[in-house]
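S.K.: The amino acid sequence is not available; the structure is as follows:
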């Protein structure tokens with residue numbers, strides 16, 4: 001392996017704080033799901049619908065900040081540090097404006113948007129209550145993503161894990177208090193879950209502001225200059241980010257559609273799928289961290305003039321990611337009931353979830369390769385090709401899900417086989433692009 005590819009140690013140093021932050025973010029989801037699972041199956045299913053709808057909106061910010069991360073990594077590789085501050089500040093302006101608009105629209109029209117898609121009146125009511133309180137966290141969560149993109153882009157990820165730990169710890173405490181009426185809080189049920197998450201995200205953002213403003217070694221990046229908005233910088237950022245934004249929104253909109261299809265199968269199938277989704281996201285944390293590191297390392301390498309090392313870099317991260325996720329999947333295979341019992345004490349619901357649990361363990365291993373390859377594509381800066389790859393895959397995924405869930409009325413564990421198809425198609429197309437695509441020398 002050429003010496004200027006990153007070592008496994010460097011990949012790990014960049015990845016592990018991201019991993020901790022993803023653990024913390026998933027603790028928020030796990031806590032909501034676990035506590036609401038002890039409230040009732042309707043609340044458990046409703047938090048899946050409301051939560052996925054929120055996450056679909058959140059993907060606007062996630063896609064935008066992923067583009068910012070790629071740009072910051074490229075400028076960092078070029079050692080153009082002042083440009084990083086300009087990208088960051090203008091990104092903050094864009095996120096503030098866009099999340100404000102989205103929040104107002106959801107508060108005004110959220111119920112009307114959800115109503116045509118949800119069969120159960122009880123699930124609809126609970127979903128809208130959850131979303132009403134959860135949407136207030138959109139600005140805080142989006143701004144925290146901007147900081148995460150900055151720190152990942154400059155390959156200094158230490159503070160990401162601390163902020164995430166603050167968010168996760170507060171969410172556990174506030175969830176317990178607000179859902180069940182403990183610690184001096186009123187009993188709010190599913191509304192408490194949404195409000196607790198919003199408050200914990202606001203506190204995590206405050207930490208990022210405080211720690212970044214106080215660190216002298218970050219002064220060279222010229223953050224917080226807060227000059228007037230520069231539309232040319234915002235446009236350049238959107239040139240990279242727009243296709244990622246569309247891609248992420250589409251991917252989560254399709255997964256939202258996947259859960260709407262499952263909702264038609266009944267409240268039990270929906271509750272099972274919410275449990276499985278949460279476990280799936282939890283087990284995937286190491287692979288998500290590796291993939292986030294991949295896009296930054298690739299973009300940095302191209303910025304430093306090492307385009308020929310992109311495929312060796314992706315290969316090294318891919319092997320490392322697959323090794324870790326194989327171990328995760330094997331260990332998880334021995335404790336299905338322990339994992340599922342975190343989310344529900346209902347024995348029948350636990351038993352109904354076991355088959356789907358084993359199905360997603362194989363998908364976890366496949367995805368550990370797929371998302372590294374796909375983030376390698378994004379790291380080259382050709383996000384339009386990334387969108388084309390994602391749209392092609394999602395189209396097949398949604399048709400396959402409809403065929404299994406509605407046409408064949410297959411058991412819920414069979415419907416979850418869609419994840420295998422998605423992973424194989426996305427990974428194959430990403431690999432073909434990296435091998436054959438015209439991305440070398442692309443300027444962003």
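M.R.: On my side now, so go ahead. All figures in this text were calculated on a predicted structure; none of them were measured in a lab. Numbers count the residues shown, from 1 in each chain.
S.K.: Can you get me a residue count around residue 202?
M.R.: Burial of residue 202, expressed as a neighbour count using other Cβ atoms under 10 Å, amounts to 18. Yep, even glycine has a C-beta here, placed from its N, CA and C like the rest.
S.K.: what's the distance between it and residue 32?
M.R.: 16 Å (Cβ to Cβ, to the nearest Å).
S.K.: Residue 366 now?
M.R.: Taken as Cβ to Cβ, the span from residue 366 to residue 32 is 27 Å.
S.K.: Compare those two and say which is more crowded by neighbours.
M.R.: For the pair residue 366 and residue 32, the greater number of neighbours falls to residue 32 (29 against 21), based on other Cβ under 10 Å.
S.K.: The residue nearest to the more buried one when sequence neighbours are not counted: what secondary structure?
M.R.: Excluding the flanking residues, the one nearest residue 32 by Cβ to Cβ, 6 or more residues apart in numbering is residue 193, at 4.5 Å. Counting by DSSP: H, G, I helix; E, B strand; the rest coil, the backbone at residue 193 sits in helix.
S.K.: Name all residues that make contact with residue 193.
M.R.: With contacts defined as Cβ atoms under 8 Å, 6 or more residues apart in numbering, the neighbours of residue 193 are 32, 35-36, 47, 130, 133-134, 175, 178-179.
S.K.: Verify the contact between residue 94 and residue 234 for me.
M.R.: Yes. Shown here, residue 94 and residue 234 form a contact pair, counting by Cβ atoms under 8 Å, at 5.5 Å.
S.K.: what about the residue nearest to residue 229 when sequence neighbours are not counted, how many residues close to it?
M.R.: Nearest in space to residue 229, with sequence neighbours left out and distances taken as Cβ to Cβ, 6+ apart, is residue 93 at 4.8 Å. Residues lying near residue 93 (other Cβ under 10 Å) number 16.
S.K.: which SS class is residue 93?
M.R.: Of the three states, residue 93 takes helix according to three-state DSSP.
S.K.: Burial check on residue 341, number of neighbours?
M.R.: Counted with other Cβ under 10 Å, residue 341 comes out at 18.
S.K.: Tell me the spacing between it and residue 349.
M.R.: In this structure, residue 341 and residue 349 are 10 Å apart, going by Cβ to Cβ.
S.K.: what does residue 243 give?
M.R.: 40 Å.
S.K.: who has more neighbours, these two?
M.R.: In this comparison of residue 243 against residue 349, neighbours counted by other Cβ under 10 Å, the higher total goes to residue 243 at 22 against 19.
S.K.: thought that one was touching residue 381?
M.R.: No. Under the criterion of Cβ under 8 Å, residue 243 lies out of contact with residue 381, with a separation of 10.5 Å.
S.K.: how long is stretch 33-42 from one end to the other?
M.R.: One end of stretch 33-42 to the other measures 12 Å (Cα to Cα, to the nearest Å).
S.K.: Confirm for me that residue 211 is in contact with residue 159.
M.R.: Yes. Here residue 211 reaches residue 159: they are 5.5 Å apart, a contact under Cβ under 8 Å.
S.K.: And these two? Which one has more around it.
M.R.: Neighbour count, other Cβ under 10 Å: between residue 211 and residue 159, residue 159 has more, with 20 against 15.
S.K.: what helix or strand does the more buried one sit in?
M.R.: Here residue 159 is covered by helix 158-180, with elements defined by DSSP states H and E.
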